[in-house]
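I'll drop the sequence and a predicted model, then ask my questions.
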Amino acid sequence: MDPLLYWVGLAAVAVNALTGVLDSGRKQMDLIGALLVGVATALGGGTVRDLLLDRNVFWVVDQSYLITALGTGFLTFFIARALPLPPKLFLIPDAVGLALFTIVGTQVALQWHTPWLVASLMGVTTGIVGGVLRDILCNDVPLVFLKGELYASAAWLGALTLIVLQALGLPAVTSTWIALAVILVLRLAAMRFHLTLPEFRQHKTPQA
Amino acid sequence: MDPLLYWVGLAAVAVNALTGVLDSGRKQMDLIGALLVGVATALGGGTVRDLLLDRNVFWVVDQSYLITALGTGFLTFFIARALPLPPKLFLIPDAVGLALFTIVGTQVALQWHTPWLVASLMGVTTGIVGGVLRDILCNDVPLVFLKGELYASAAWLGALTLIVLQALGLPAVTSTWIALAVILVLRLAAMRFHLTLPEFRQHKTPQA
Amino acid sequence: MDPLLYWVGLAAVAVNALTGVLDSGRKQMDLIGALLVGVATALGGGTVRDLLLDRNVFWVVDQSYLITALGTGFLTFFIARALPLPPKLFLIPDAVGLALFTIVGTQVALQWHTPWLVASLMGVTTGIVGGVLRDILCNDVPLVFLKGELYASAAWLGALTLIVLQALGLPAVTSTWIALAVILVLRLAAMRFHLTLPEFRQHKTPQA
C-alpha cells in the first residue's frame, strides 16, 4: 500500500477510537469497556469489509492498527477526565476519518474486482460500520441512519464519484483527491447549513 | 442454480428490502438510512450464512441482489409517502420470503456438506437474521424471538422437514415444495389462529 | 485438540447456553427465541474469533457444540419453569466459562501465528462476545462493558498472562493453569470485594 495512505489510515483509526471512547461516556462504562467500544468503532468498518470480501482482516495481519486504537483510546480515557473535550472539537477530524475510510474501502473493493455497485457499498461499509457498531454497543439507534446527518449519503456519493472518475480514465491520485473532497465538503456543508435528505414518512389517510 | 429459484430468490430479497424500509419509518431515518436498513434486512441472513460456511458472499459476487434490494427500497420509500401501505399487506409476501430464504439456506448448507443439525440452523439463519439485523439497527428486541410470532419455529420445522424428506430419499423437488408448504402453512396459521409456543417463565417461590 | 480441553470446552458452551436462556426470560421470548439466544451466547464468541482468523467455524465442522448448546438450552427452559434457578447459582460456572473460553481463544490465535496483542484480543473476543450478543439481542447495553463488572478486564489480563508465560518459556500446561487461575481469581474477587476499574468520566468545567 502507498505509505502515505498507510499513515493516513492509522490516523483515521485513531480518530475513530477517540470518538468511540468519548461516546462510551454516555453509558457508565469502565476503562476496558470504553477501550473495547473504541476498538470496535475504529476497526469495525474495515473488519466487516474484509470479511465480506474474504480478505485477511487488516488488523489481524498488522497489529499497528490495534496498537493505535488502544493507545488513542487509553489517552482519550484519561485526558477526558482532566480536560474538557467538547465533542464538537472532533467533528472535522471525524469527517476526515469518514472520507478516508470510505475511499480506502472503495479502492480495496475495486482492486478485489467486485462489481461497481458492490464496491461503493463496501466503501460506505468501511466508512460507517464502526460508528454503527459503537451505537449498537451503547444501545442507541445508529446516528448515521438518522435524519439530518448526511453521513452515509456523503460517503456513498464520494464512493460513487471515485468509481465514475476512475471509469472515465482519470489518474488514481486525482480521482482519489476529488472523491475525498466530495465527502468532506458535503459532510461539513451538511453540518454548517443543516442540509437534509427526505425523511421517511408514511402516508396517512385521514381517520384510517 | 435453478433459474426459477434464482428469480424467486430475487423476489424474496425485494420483499425483505420493502419490509426493512417500512420498519425504518418508526425511527425517523432519512432516505439513505432507510435504504441501508432495507439492504441489511434483505441481504443479512444470506450474508451471515455465507460467512459461517466460508463461501463467497452471494451479493458480492452477483450484484443483481444489491440492485434489487436498493431499487425496491427506493421505490418503497417514495411510494410509502404517497400511498397508505398498511404493513398487513405484506404479511403474506413476508411469510413467502421467510419460507424461500429458509429452504434456500438449508439447501446451500447441505450442498456444503455441513452436519444436518448445522444445516437446519443455517436455514433458520438465512430466514431470520435479516429481520434480526433490522430490529437491532432500529434498536428493538428482535420480533422473531418474541412470544406469539412462531416465526423462527416455523422456519426451523420447515428446514428439518426438508432434511428428513431428503434423507428418506424423496426427490429434491418434492421435498422442497413440502418443506416450503410446512413453513408457509405454519406461519399463516399462527397469524390466523394466534398459535404460540410456551413462553419462557421463571419459577417463582412465594415470598422469595 | 487435547481431549480434556475438548470436554471442558463443551462444558463452557453448556454454561453459556444456560445463562443465555435464563437472560432471555427478561424479554418474553418463546421457546425457540430463548433457544436461539442461548445458542448465540454459547457459540458467538468462538464464531467471531474463527471468522476474524479465517478458520473453519468450530461448530459448523463439529455439531457436538450445537447439540450441547441446544440440549442445555432446552433443559434450562423447562427446568426454570419448575424450579427456582437464582442467577447467582451460575456466577461461578459463568466465571469458569469466561476463563476457559478466553484461554482457548488465545491459544487458538497463537497457533494461528497472529501477533501477540491480536492474540490477546482474540482471547477476550472468545470470552465475552457471546455475552455481548446476548445483551444486544435482548436490547440491553452489554453488561461486560459496564462499570463494576471486571469481566473483560479479567479476561484480558488472563490472556496477557498466558502470552507472557509462554514467551518466558514455561510449559504450555503450567502457563494455561496459571492464566486460568488469574481470570477466575480476579473475577471472583471482583464479585466478592466489589473491585472496580476507573469509570469513564468527562471533565466538566463549571457552568460550561
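Alright, I've got the coordinates.

burial measure for the nearest residue to A:Tyr151 once chain neighbours are set aside, as a count.
Excluding the flanking residues, the one nearest A:Tyr151 by C-beta to C-beta, 6 or more residues apart in numbering or on different chains is A:Val144, at 4.3 Å. Every C-beta, even on glycine, is put in place using the N, C-alpha and C of the backbone. Using other C-beta atoms under 10 Å in any protein chain shown, A:Val144 is surrounded by 26 other residues.

could you list every residue that touches A:Val144?
A:Val144 makes contact with A:128, A:131-132, A:135, A:151-152, B:33 under the criterion C-beta atoms under 8 Å, 6 or more residues apart in numbering or on different chains.

Can you tell me which helices and strands the strand or helix carrying A:Gly20 packs against?
Under the criterion of DSSP states H and E, A:Gly20 resides in helix A:3-24. Helix A:3-24 makes packing contacts with helix A:31-53, helix A:64-82, helix A:91-111, helix A:116-137 when contacts are defined by 3 or more C-beta pairs under 8 Å, 6 or more residues apart in numbering or on different chains; DSSP states H and E.

and which of the contacts of A:Val144 is nearest to A:Ala189?
A:Tyr151 (12.6 Å; C-beta to C-beta).

Count the residues that sit near A:Arg192.
A:Arg192: 8 neighbours (other C-beta under 10 Å).

Model confidence for it, exactly?
Looking at A:Arg192, its pLDDT is 77.

Between the helices and strands packed on helix A:3-24, which has the poorest mean confidence score?
Set side by side, those differ in mean pLDDT, and helix A:91-111 is lowest with a mean of 88.

Okay, buried residues for it please.
A:93-110 (16 or more other C-beta atoms under 10 Å in any protein chain shown).

count of neighbours near whatever residue of chain A ends up closest to chain B?
Here chain A gets closest to chain B at one residue, A:Phe145, 3.0 Å apart by C-beta to the nearest C-beta. Applying other C-beta under 10 Å, we find 27 residues neighbouring A:Phe145.

could you check whether stretch A:34-44 is close to chain C?
Yes. Against chain C, stretch A:34-44 shows contacts by C-beta under 8 Å from any C-beta of the partner chain at A:34, A:36-37, A:39.

Just the buried ones among these, please.
A:34, A:36-37, A:39.

re the thing from before, chain C: which of the residues of stretch A:34-44 next to chain C is nearest?
Relative to chain C, and with distances defined as C-beta to the nearest C-beta, the nearest of those is A:Ala34, at 4.7 Å.

A:Thr47 contacts A:Val61, correct?
No. Using C-beta atoms under 8 Å, A:Thr47 is not in contact with A:Val61; the gap is 11.8 Å.

which one of those two has more residues nearby?
A:Thr47 (23 against 13).

Just list the residues touching A:Leu98, thanks.
A:127-128, A:151, A:154-155, A:183, A:187.

What about A:Ala40, how many residues nearby?
If we define neighbours as other C-beta under 10 Å, then A:Ala40 has 24 of them.

before we move on, what about A:Ala82?
Neighbours of A:Ala82 (other C-beta under 10 Å): 8.

In TSV: the contacts of A:Val144, plus neighbour count.
Shown next, in TSV, are these (neighbours: other C-beta atoms under 10 Å in any protein chain shown):
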residue	neighbour count
A:Ile128	28
A:Gly131	27
A:Val132	25
A:Asp135	21
A:Tyr151	28
A:Ala152	28
B:Gly33	28
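
and of the residues you listed, the nearest to chain C?
For the contacts of A:Val144, the nearest to chain C is A:Asp135 (11.2 Å; C-beta to the nearest C-beta).

Spatially nearest residue to that closest one (excluding sequence neighbours)?
Counting by C-beta to C-beta, 6+ apart, the residue nearest A:Asp135 is A:Pro142, at 4.3 Å.

Same check on A:Ser120?
For A:Ser120, ignoring the flanking residues on the chain, the nearest one in space by C-beta to C-beta, 6+ apart is A:Ala159 at 4.1 Å.

how close does that neighbour get to C:Pro142?
31 Å (C-beta to C-beta, to the nearest Å).

So those two - more neighbours on which side?
A:Ala159 (31 against 26).

ok, and that one, which helix or strand is that part of?
Element membership for A:Ala159, per DSSP H and E: helix A:152-167.

how about the residue nearest to A:Ser120, what does it touch?
A:102-103, A:105-106, A:119-121, A:123-124, A:179 are the contacts of A:Ala159 under C-beta under 8 Å, 6+ apart.

do that again at 7 Å, thanks
The contact partners of A:Ala159, taken as C-beta atoms under 7 Å, 6 or more residues apart in numbering or on different chains, are A:102, A:106, A:120, A:123-124.

Please report the distance of it from chain C.
From A:Ala159 over to chain C the distance is 24 Å, taken as C-beta to the nearest C-beta, to the nearest Å.

again with A:Pro86
For A:Pro86 relative to chain C (C-beta to the nearest C-beta), the value is 9 Å.

Could you do A:His113 as well?
Distance from A:His113 to chain C, by C-beta to the nearest C-beta: 19 Å.

so what pLDDT did that residue get?
With respect to pLDDT, A:His113 scores 91.

Now for A:Arg26, how many residues are close by?
13.

residues touching the residue nearest to the spatial centre of chain A, list them.
Centroid-nearest residue in chain A, with C-alpha atoms, centre = their mean: A:Gly127, separated by 3.0 Å. A:Gly127 sits next to A:45, A:98, A:101-102, A:105, A:155 when contact means C-beta under 7 Å, 6+ apart.

switch to 10 Å and redo it
A:12, A:45-46, A:49, A:97-106, A:144, A:151-152, A:154-156, A:158-159, A:183 (C-beta atoms under 10 Å, 6 or more residues apart in numbering or on different chains).

list the buried ones in the helix holding A:Gly20?
Buried-residue list, helix A:3-24, by 16+ other C-beta under 10 Å: A:8-24.

Also stretch A:49-65?
Buried residues in stretch A:49-65, counted by 16+ other C-beta under 10 Å: A:49-53, A:55, A:57-60, A:63, A:65.

Output the helix holding A:Gly20 as CSV, nothing but the C-alphas.
Taking Å, rounded to 0.1, in the frame of the first residue of the first chain, the C-alpha atoms of helix A:3-24 are listed here in CSV:
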residue,chain,number,x,y,z
PRO,A,3,3.0,4.7,2.5
LEU,A,4,1.1,8.0,2.7
LEU,A,5,-2.2,6.1,2.6
TYR,A,6,-0.9,3.8,5.4
TRP,A,7,-0.2,6.6,7.8
VAL,A,8,-3.4,8.4,6.9
GLY,A,9,-5.3,5.1,7.6
LEU,A,10,-3.7,4.9,11.0
ALA,A,11,-4.7,8.5,11.7
ALA,A,12,-8.3,7.7,10.8
VAL,A,13,-8.2,4.7,13.1
ALA,A,14,-7.0,6.9,15.9
VAL,A,15,-9.8,9.5,15.3
ASN,A,16,-12.4,6.8,15.4
ALA,A,17,-11.1,5.2,18.6
LEU,A,18,-11.2,8.6,20.2
THR,A,19,-14.9,9.2,19.2
GLY,A,20,-15.8,5.7,20.3
VAL,A,21,-14.3,6.2,23.8
LEU,A,22,-15.9,9.7,24.2
ASP,A,23,-19.3,8.2,23.3
SER,A,24,-19.0,5.4,25.7
